[in-house]
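Chemist: pasting the structure only:
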């Protein structure tokens, strides 16, 4: 097991319309969007105030998947993580590569097929991409998968996450909470209504009903919710105008 549970350090949308997506999320979530300055590459940084929380990039030619959000998990050694993932029945869908001045990254899939980035960043600064209840940051990381118990065991072994409880979801089975310590940072559950196993990222908003109105006004579509969740907050699932699934969490005020 890793010596310290791994954090979520970055979130990224890969989209078919970068300008339109940047406008949509700026309106709905409140981010500002800035060019990253990476030579020869259209990569934009999503800012929640003064904090960089993620990136936006155009869909590569021949990508073979629809527009999607992805999470980055911070690791000490990307290549060792890849080797352990493959040995456990996972796969590599983007080989490890170095980004000058940024770090080493790869994209893996877990044994059930959900894709996630792993990254060994340069430097020892702390990421501010994830923060409970802070508007504009990610506030929850949810894996929808075909085998939640097996997935939890995989991620515990690879990333040192701790089981932080569970809840019955009735016919949907058990919701498995996980964390880096006692406080949960996400959950895992079965995915009967999802086309394939995937990570769903919930971004914090200050007022869930106001955010739902902004989704509609900006050309997105509500898929689910608002649904109350334990703790008194609410969640929604929605799609942006390019069809990308995303989620929001926040209070009713």
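Modeler: Ah, there it is. The structure presented is a predicted model; accordingly, all values stated were derived computationally and were not measured. Residues are numbered from 1 along each chain as shown.

Chemist: May I have the distance across stretch 210-230, first residue to last?
Modeler: When the termini of stretch 210-230 are compared using C-alpha to C-alpha, to the nearest Å, they are 21 Å apart.

Chemist: contact partners of it?
Modeler: With C-beta atoms under 8 Å, 6 or more residues apart in numbering as the test, stretch 210-230 has contacts from 23-24, 27-29, 167, 205, 208-209, 234-241, 245, 248-250, 252. Heads up, the C-betas are built off the backbone N, CA and C, glycines and all.

Chemist: Next secondary structure after the least confident helix or strand in the chain by mean pLDDT?
Modeler: The weakest-scoring helix or strand in the chain, judged by mean pLDDT, DSSP states H and E, is strand 162-168 (a mean of 92). Next along the chain after strand 162-168, taking DSSP states H and E as the criterion, comes strand 174-179.

Chemist: Neighbouring strands - and their directions - for that next one?
Modeler: If you go by DSSP bridges, strand 174-179 pairs up with strand 162-168 (antiparallel), strand 184-190 (antiparallel).

Chemist: Give me whichever of those strands is most buried.
Modeler: strand 184-190 (a mean of 23; mean count of other C-beta atoms under 10 Å).

Chemist: Contacts for that one, please.
Modeler: In contact with strand 184-190 (C-beta under 8 Å, 6+ apart) are residues 8, 130, 140-146, 148, 151-152, 155, 164-165, 169, 172-179.

Chemist: Just give me how far that strand sits from the chain centre.
Modeler: Taking C-alpha atoms, centre = their mean, to the nearest Å, one finds strand 184-190 lying 12 Å from the centre of the chain it belongs to.

Chemist: And stretch 24-31, by the same measure?
Modeler: Distance of stretch 24-31 from its chain centroid, counting by C-alpha atoms, centre = their mean, is 16 Å.

Chemist: Pull out the buried residues from it.
Modeler: Within stretch 24-31, the residues scored as buried using 16 or more other C-beta atoms under 10 Å are 24-25, 28-31.

Chemist: pLDDT value on residue 113, please?
Modeler: pLDDT, residue 113: 95.

Chemist: er, residue 41 I mean
Modeler: 86.

Chemist: Ok, the one 10 residues further on next?
Modeler: At residue 51, the pLDDT value in this model is 96.

Chemist: The residue lying closest to it once chain neighbours are set aside - how many residues pack around it?
Modeler: The shortest distance from residue 51 to any non-neighbouring residue, by C-beta to C-beta, 6 or more residues apart in numbering, is to residue 128 (4.1 Å). Using other C-beta atoms under 10 Å, residue 128 is surrounded by 17 other residues.

Chemist: What of residue 23?
Modeler: 15.

Chemist: Just give the closest residue to residue 6, not the sequence neighbours.
Modeler: Per C-beta to C-beta, 6+ apart, closest to residue 6 is residue 159, 4.0 Å.

Chemist: correct me, but the one you found touches residue 75?
Modeler: Yes. Between residue 159 and residue 75 there is a contact at 7.4 Å, judged by C-beta atoms under 8 Å.

Chemist: what sits against residue 120?
Modeler: Residue 120 is in contact with 74-78, 103-105, counting by C-beta under 8 Å, 6+ apart.

Chemist: Sorry, wrong one. I was asking about residue 208.
Modeler: Applying C-beta under 8 Å, 6+ apart to residue 208 gives the contacts 225-226, 233-236, 248-252.

Chemist: ok, 6 Å please
Modeler: Going by C-beta atoms under 6 Å, 6 or more residues apart in numbering, residue 208 touches 226, 234, 250, 252.

Chemist: Among these, name the buried ones.
Modeler: For the contacts of residue 208, buried by 16+ other C-beta under 10 Å: 226, 234, 250.

Chemist: Against residue 68, how distant is the last one?
Modeler: Remark: distance between residue 250 and residue 68 (C-beta to C-beta, to the nearest Å) = 22 Å.

Chemist: All set now, cheers.
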